[in-house]
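J.: Starting from these lines, generate the structure:
(chains A and B)
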Amino acid sequence: MSDDVVIRTHNLSKSFKGVDALKSLDLEVRRNSIFGFLGPNGAGKTTTIKLLLGLARPTAGSAEVFGHDIVGDTIHVRRRIGYLVQEPHYYEYMTAREILRFTARFFYRGPPTAIEERVADTLELVGLADKADRPIKGFSGGERQRLGIGQAQVNHPDLLILDEPAASLDPMGRRDVLAIMERLRERATVFYSTHILDDVQRVSDTVAILNHGELIAKAPIEELLAGTRGQTVYAVEVRGNAGEARARLEAQPWVLDIHAAPNGNHAEWHVSVSDDDAAESQLLRLLLADERTTVTRFGRRTYKLEDVFMDLVEEHTNGH
Amino acid sequence: MATSVPLQAASSSGWLVGFRNVVDKEYASWWRTRRWLTHLILWFVVINAFIFLVGADGMRRHAPEDVLAELIEVFLRVGGLWTAIGIVVSTQSAVLGERQLGTAQWVLSKPLTRPAFLLSKLLVNGLSFLFLAVLIPTVVFFLQTLWHALSQPQLGPFLAGMLFHVEHLVFYLALTLALGTFFTSRGPVSGAAIGFLFAGFILPNIFPSTLEWLPWALPELSATAALGRPLPVIWYVPVITTVMWTVLCVLAALWRFEREEF
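T.: Residues are numbered from 1 along each chain as shown, chains lettered A, B, ... in the order given. Model (predicted):
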């Protein structure tokens, strides 16, 4: 495995009582990325994470984390991972400090003073220093989630796996969690599952989308937001008699499709192109060649991740 | 805060990685919460207070040597029954509770092997329970016999009886932990274990040979040995088979837990 690849799966599959929860997943996660793992409920995100951690066994296929096989070498895998479970539950009689100390002792033999220092640093990082010695029985959801992130990174893992880290949080809690994730990226790869698409758009650099156990997209986020499946779409607003301009565009080999929607005395076109360079240099010129056509707006269409996600998932679901 | 002393990474390997850490955690769950106090009071009331009532009644009606025999018999038979039920009830959630709550999933995502997780439960629950429900009540019982019967049991035979009693309890601990890996709710775990305990009062009347190959003869052996009375000729057979059943329960638990998916 290349040093640059942290997670690599080959046809990784998992079935539960004949139902395929994950189908032949091939995935690569690169070092120091914040990798958003998206999908609707039941898409197979948590199953994938559990397989990587040795909490479940693959039905077929294999995977390596830092070059270690996830089945045969699970202890070595887990030594380099920090994991935040979707709904964290801890020993209620323990304090936050005790939880972190207990977690740290799986990774470090000592000395005790150094472990205590690491625990104190972690409490500071996640903003729980003032509640460190309170039993977690009385912690709010947000405090539990901070503690969850703390225990996941107390060993300074090379890979941080977070399963829905912000799902149960209010907007303030979400903001704090995302801020912590961004701080952690300096020293770790972050692989996290979520269905809060705004969060993904804000912090991720690479995204994979899973639906019904199948990987339906994987790309750097800019690529995914620029257009779907290698296409670029230009949004153009035109006024006047634009029939000839449209015909001229349709004659170009790099124009794939023109979707037109009337908008008052304007028309809004979405022009899908296969050759971005050609479109960039010729598209506007071709439109303006006809004096009867006025272009009131022109630009590359930017997608929200939500649009891309919905588009891909619906298309994949309908194709089933 | 800057780390001034470098941390030493844990690098152990093998099938008990993480064992020491979970053992410490299990001890904390007994001794750094009120659990120990609850058990201490419970077993003092259930065993020693009951012995006090029996002894006070016996003192009025019997000679001291008869009172001593009665107390030993009650201590090991009645106390033995209660502690067997107690070990089932107090450990029924040891594995199952962690599976249900999700703490097992969390802790097993760390460098911890499943045998280490399970065996820490067996070790710490066993030692803590035996300390609170057997050792302390036994020490108090020795003082009580001085008060009620003006003498104490003979140490050798009594310790032999206690060994059978402990073996009986360890079997029920192993059985409960094993059931906790197979079932997904508390009812079947405690129901099956306590049901098996009570079956020992009925089934040997129909199938006497079960006393030889199941642990049901141990309470009787325990009382007989503690009273210094002669043991049956083949007393060692249920002793050996109970050890075998205990080991089998532990192996079954390890086998099942290794296949558990979270």
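
J.: Could you check how many residues crowd around A:T206?
T.: For A:T206, the neighbour count with other CB atoms under 10 Å in any protein chain shown is 20. (C-beta placed from N, C-alpha, C; glycine too.)

J.: Next, the contact list for it, please.
T.: Residues in contact with A:T206 (CB atoms under 8 Å, 6 or more residues apart in numbering or on different chains) are A:V29, A:R30, A:S33, A:I34, A:F35, A:G36, A:K218, A:A219, A:P220, A:I221.

J.: redo that, cut-off 10 Å
T.: A:28-30, A:33-37, A:191, A:218-224 (CB atoms under 10 Å, 6 or more residues apart in numbering or on different chains).

J.: before we move on, what about B:I234?
T.: B:I234 touches B:L211, B:E212, B:A217, counting by CB under 10 Å, 6+ apart.

J.: before we move on, the earlier item: of the contacts of A:T206, just say which sits nearest to chain B.
T.: For those, the residue nearest chain B by CB to the nearest CB is A:F191; the value is 13.4 Å.

J.: For the chain, give me the ranges with low pLDDT.
T.: Just so you know, I chose chain A. A:1-2, A:227-231, A:320 (pLDDT under 70).

J.: think we crossed wires, I meant chain B
T.: Along chain B, the parts satisfying pLDDT under 70 run over B:1-4.

J.: Quickly note the distance from the residue most central in space within it to B:T103.
T.: Chain B has B:L169 as the residue nearest its centroid, 3.6 Å off, counting by CA atoms, centre = their mean. Going from B:L169 to B:T103 by CB to CB, to the nearest Å gives 26 Å.

J.: ok so, going back, in helices only, show me the contacts of B:I234.
T.: Using DSSP state H, the members of the contacts of B:I234 that fall in helices are B:L211, B:E212.

J.: In the contacts of B:I234, which residue is surrounded by the most others?
T.: Counting neighbours by other CB under 10 Å, B:A217 leads the contacts of B:I234 with 25 neighbours.

J.: List the contacts of that residue.
T.: Contacts of B:A217 by CB under 10 Å, 6+ apart are B:164, B:168, B:200, B:204, B:210-211, B:224, B:232, B:234-235, B:237-239, B:241-242.

J.: which among the contacts of B:I234 gets closest to chain A?
T.: Closest to chain A, out of all of those and judged by CB to the nearest CB, is B:A217, at 39.0 Å.

J.: Residues of the stretch 151-262 of chain B that sit close to chain A?
T.: Selection of the stretch 151-262 of chain B residues close to chain A by CB under 10 Å from any CB of the partner chain yields B:R259, B:E260, B:E261, B:F262.

J.: List only buried entries from those residues.
T.: Listed as buried from those are B:E260; burial here means 16 or more other CB atoms under 10 Å in any protein chain shown.

J.: Of all pairs in the residues of the stretch 151-262 of chain B next to chain A, which one spans the longest distance?
T.: Maximum pairwise distance among those (CB to CB): 11.4 Å, between B:R259 and B:F262.

J.: what is in contact with these two at once?
T.: Common contact partners of B:R259 and B:F262 (CB under 10 Å, 6+ apart): none.

J.: number of nearby residues for the residue lying closest to A:V255 once chain neighbours are set aside?
T.: Distances taken as CB to CB, 6 or more residues apart in numbering or on different chains put A:L249 closest to A:V255, at 5.2 Å, once the chain neighbours are dropped. Residues near A:L249, counting by other CB under 10 Å, number 22.

J.: which residues does A:L249 contact?
T.: Counting by CB under 10 Å, 6+ apart, A:L249 makes contact with A:234, A:236, A:242, A:255, A:258, A:269, A:271, A:273, A:279, A:282-283, A:286-287.

J.: If we use 8 Å, what do you get?
T.: Taking CB under 8 Å, 6+ apart as the test, what A:L249 contacts is A:V255, A:I258, A:V271, A:L283, A:L286, A:L287.

J.: Report whether the second one is found in a strand, as I expect.
T.: It refers to A:I258. Yes - under DSSP: H, G, I helix; E, B strand; the rest coil, A:I258 falls within a strand.

J.: Give me the buried positions along stretch B:88-106.
T.: Within stretch B:88-106, the residues that count as buried by 16+ other CB under 10 Å are B:88, B:90-96, B:98-99, B:101-106.

J.: what about stretch B:46-66, start to end distance?
T.: Start and end residues of stretch B:46-66 are separated by 22 Å (CA to CA, to the nearest Å).

J.: Give me the phi and psi for residue 80.
T.: Picked chain A for this. phi -110, psi 10 (degrees, to the nearest 10).

J.: Now A:E64. Its backbone dihedrals?
T.: Phi and psi for A:E64, reported as degrees, to the nearest 10, are phi -130, psi 140.

J.: starting at the chain centroid, how far to the helix ranked longest in chain B?
T.: What stands out as the longest helix in chain B, according to DSSP H, is helix B:64-101. The chain centroid and the centroid of helix B:64-101 are separated by 7 Å under CA atoms, centre = their mean, to the nearest Å.

J.: Same check on stretch A:212-224?
T.: How far stretch A:212-224 lies from its chain's middle: 9 Å, per CA atoms, centre = their mean.

J.: Give me the contacts around it.
T.: Residues contacting stretch A:212-224 (CB under 8 Å, 6+ apart): A:14, A:20-27, A:36, A:42-44, A:47, A:200-201, A:204-210, A:229, A:303, A:305, A:308, A:312-313, A:316-317, A:320.

J.: Ends of that stretch, what's the gap?
T.: End-to-end distance for stretch A:212-224: 20 Å, by CA to CA.

J.: sorry, back to before: is the helix or strand following the longest helix of chain B in proximity to chain A?
T.: Later in the chain than helix B:64-101, the nearest helix or strand by DSSP states H and E is helix B:103-107. Yes - for helix B:103-107 and chain A, the contact criterion (CB under 8 Å from any CB of the partner chain) is met by B:T103, B:Q105, B:W106.

J.: Which secondary structure elements does the helix or strand hosting B:A253 sit against?
T.: According to DSSP H and E, B:A253 maps onto helix B:236-258. Here helix B:236-258 touches helix B:114-130, helix B:155-182, helix B:210-213, helix B:218-226, going by 3 or more CB pairs under 8 Å, 6 or more residues apart in numbering or on different chains; DSSP states H and E.

J.: Using CSV, lay out those together with distance to B:E70.
T.: Rendered in CSV, the data for the helices and strands packed on helix B:236-258 read as follows (distance: least, CB to CB, whole Å):
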stretch, distance to B:E70
helix B:114-130, 25
helix B:155-182, 15
helix B:210-213, 24
helix B:218-226, 11
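
J.: re earlier: now the contacts of B:A217: which count as buried?
T.: If you count burial by 16+ other CB under 10 Å, the buried members of those come out as B:F164, B:H168, B:G200, B:P204, B:T210, B:L211, B:T224, B:W235, B:P238, B:V239, B:T241, B:T242.

J.: just these now: which is nearest chain A?
T.: Using CB to the nearest CB, B:H168 comes nearest to chain A of those, at 30.1 Å.

J.: about what we covered before: include secondary structure and distance to A:P165 when you put the residues of the stretch 151-262 of chain B next to chain A into CSV, please.
T.: Shown next, in CSV, are those (DSSP: H, G, I helix; E, B strand; the rest coil; distance: CB to CB, whole Å):
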residue, secondary structure, distance to A:P165
B:R259, coil, 29
B:E260, coil, 25
B:E261, coil, 23
B:F262, coil, 18
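
J.: Alright, calling it a day.
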